[in-house]
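Student: predicted model and sequence follow; I will ask about them next.
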Amino acid sequence: MSTRSSLAAHAIGLFLLLVAGRISAEIPPDLPFTPGSEERWVLVDTDTYTITVYQGEAPFVRLENLAVGRAGTAETRRRGDQTTPTGKFRIDRIHPESNYHFFLGLNYPTMEHARDARDDGTIERDEYEHFLDEFANQGRAPQNTALGGHIGIHGVGDRSVSFHRGVNWTDGCVAVEDEQIDILAELVDIGTRVYIR
């Protein structure tokens, strides 16, 4: 059995645990969701340090023991502040060969992040206009502005798993163990919605 097939079988096993009621989760009321939709989407909960993959309204897989940025989370962040941005994202790139084992890139910073950062004074107007110019030229979120970039969900790679389990250690990404990112990668694709709260 290939590694990918083995991971898919593992994910199905986790799904059966959900069906059996051993893992449960509810859709948070603050997330827009269309009743009856079967869309697969991801909730990263930084209070419970879990990632839950939903199929429509039903929790499908839950991964535990995630780590976030060394400085915690923030609604708006600046490049290098080591916070993990919260908000609504989509997966916009996938790198199976990463220093962190596997990398699922998020479309941070979004237009909403840039507007909020301008409005709350995190960035100046000229920085905001630079963001808009870069966004227009590239057709996607620029990664080199004052808001930072290169945010995603990734594995541990060659770092210590026991260290990962005990402390928030990333520069702003969400990290899970390598086996967990392999499972997550099987369940998502470009365009999958990801909510970090």
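Tutor: Received the coordinates, thanks.
Student: just the strands in this protein please.
Tutor: In the chain, the strands defined using DSSP state E lie at 40-45, 50-55, 58-64, 73-74, 84-85, 87-98, 101-106, 152-154, 174-175, 193-196.
Student: tell me which of these sits nearest to residue 120.
Tutor: Proximity to residue 120 (C-beta to C-beta) singles out strand 73-74 among those, at 10.8 Å. In short, each C-beta sits where N, CA and C put it, glycine included.
Student: which other residues reach the closest one?
Tutor: Contacts with strand 73-74, where a contact means C-beta atoms under 8 Å, 6 or more residues apart in numbering, come from 46, 81, 83, 84, 85, 86, 196.
Student: the third one against residue 77, yeah?
Tutor: Meaning residue 83. Yes: in terms of C-beta atoms under 8 Å, residue 83 counts as a neighbour of residue 77; the distance is 4.5 Å.
Student: who's more crowded, these two?
Tutor: Neighbours were counted for residue 83 and for residue 77 using other C-beta atoms under 10 Å; residue 77 has more, 25 against 22.
Student: I'd like the strands of the chain laid out as CSV, including mean neighbour count, mean pLDDT and distance to residue 121.
Tutor: Output for those, formatted as CSV (neighbours: other C-beta atoms under 10 Å; pLDDT from 0 to 100; distance: least, C-beta to C-beta, whole Å):
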stretch, mean neighbour count, mean pLDDT, distance to residue 121
strand 40-45, 20, 96, 27
strand 50-55, 21, 94, 32
strand 58-64, 18, 93, 36
strand 73-74, 18, 95, 14
strand 84-85, 24, 97, 17
strand 87-98, 16, 94, 18
strand 101-106, 23, 97, 24
strand 152-154, 26, 98, 27
strand 174-175, 26, 98, 26
strand 193-196, 21, 96, 22
